[in-house]
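*Asks:* Take a look and give me a structure for this.
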Amino acid sequence: MNNAGFAVLPSHAGVDEAGRGCLVGSVFAAAVILPAHFDLRGLTDSKKLSEKKRDELAVQIKAQAAAYCIARADVGEIAQLNILHATMLAMKRAVQGLEKQPAKVWIDGNRMPPDLGVPAECVVKGDAKIAAISAASVLAKVARDAEMYALHERYPQYGFAQHKGYGTAAHLAALAQFGALPEHRADFAPVKLVLAQGRLFG
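*Replies:* Prediction:
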């Protein structure tokens with residue numbers, strides 16, 4: 001079955017990103033091609049789902065997708081390119097990493113990566129309108145969270161498992177107390193301020 005209210009074209013890929021607004025770690029993107037018939041109950045914009053539901057759906061999406069790819073741009077690339085262009089790079093990598101070439105790509109938002117090599121269209125709020133974009137948003141978010149859990153294992157004092165790298169009060173307090181990590185995004189204002197004070201972890 002298909003989820004009611006969603007646009008579905010099995011020749012099209014949906015693309016979305018996760019982690020663009022965070023202060024630490026990579027920015028992730030995923031591309032997903034869904035078949036004409038699938039059963040992904042509860043699928044919607046990943047931000048509207050609980051972490052448990054996202055994890056469950058990620059397994060189902062990977063099992064049911066006609067093709068999918070998860071890609072990222074790391075902290076060094078974010079510093080070199082800026083976050084917007086690094087996000088576009090992650091999206092391009094996700095599309096180019098698909099085992100099956102899509103006839104068209106739907107991209108969540110209003111900015112399109114250059115030189116995708118396939119026809120593409122931006123869809124504002126696409127993660128609530130197009131199933132393949134919703135599926136991509138789930139895969140990108142789950143992959144991004146996995147990176148944060150791994151970082152939490154190395155640096156538990158920063159609380160990455162709780163705030164997932166966003167600029168929460170707890171994260172900013174940890175930055176002020178412990179300094180910036182190599183994994184922090186040096187050109188983001190709160191991190192730049194800490195670095196200007198010479199505050200590095202350790």
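
*Asks:* all contacts plus neighbour counts: C-alpha atoms, from now on.
*Replies:* OK.

*Asks:* name the helices or strands packed onto the longest helix that the chain contains?
*Replies:* Assignment by DSSP state H gives helix 131-154 as the longest helix of the chain. In terms of contacts (3 or more Cα pairs under 8 Å, 6 or more residues apart in numbering; DSSP states H and E), helix 131-154 is packed against strand 12-18, strand 27-33, helix 51-64, strand 67-73, strand 104-108, helix 160-163.

*Asks:* how far is the first one from where the chain is centred?
*Replies:* When you say that, I think you mean strand 12-18. In this view, strand 12-18 has its centroid 9 Å away from the chain centroid, taken as Cα atoms, centre = their mean, to the nearest Å.

*Asks:* pLDDT weak spots in the chain?
*Replies:* Filtered on pLDDT under 70, the chain yields the residue ranges 1-8.

*Asks:* Identify each buried residue in the helix or strand that contains E121, please.
*Replies:* Element membership for E121 (DSSP states H and E) is strand 120-123. For strand 120-123, burial by neighbour count (16 or more other Cα atoms under 10 Å) applies to 120, 122-123.

*Asks:* isn't V105 right next to G126, touching?
*Replies:* No - V105 lies out of contact with G126 (Cα atoms under 8 Å); the separation is 11.7 Å.

*Asks:* that older thread, dump the buried residues of strand 120-123 to JSON lines, plus distance to M88.
*Replies:* Output for the buried residues of strand 120-123, formatted as JSON lines (distance: Cα to Cα, whole Å):
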{"residue": "A120", "distance to M88": "13"}
{"residue": "C122", "distance to M88": "12"}
{"residue": "V123", "distance to M88": "15"}
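
*Asks:* Just give me the closest of these to K92.
*Replies:* A120 (11.2 Å; Cα to Cα).

*Asks:* List the contacts of that closest one.
*Replies:* Neighbouring residues of A120 by Cα atoms under 8 Å, 6 or more residues apart in numbering: 104-107, 112.

*Asks:* if you set the cut-off to 6 Å instead, what comes out?
*Replies:* Counting by Cα atoms under 6 Å, 6 or more residues apart in numbering, A120 touches 104-106.

*Asks:* Name the nearest residue to it, ignoring sequence neighbours.
*Replies:* V105 (4.5 Å; Cα to Cα, 6 or more residues apart in numbering).

*Asks:* coming back round to it: tell me the buried residues in the longest helix of the chain?
*Replies:* For helix 131-154, by 16+ other Cα under 10 Å, it's 131-145, 147-149, 151-152.

*Asks:* Might you report the residue contacts of the most centrally placed residue in the chain?
*Replies:* Centroid check for the chain by Cα atoms, centre = their mean gives A18 as the closest residue, at 2.1 Å. By Cα under 6 Å, 6+ apart, A18 lies in contact with 28, 140-141.
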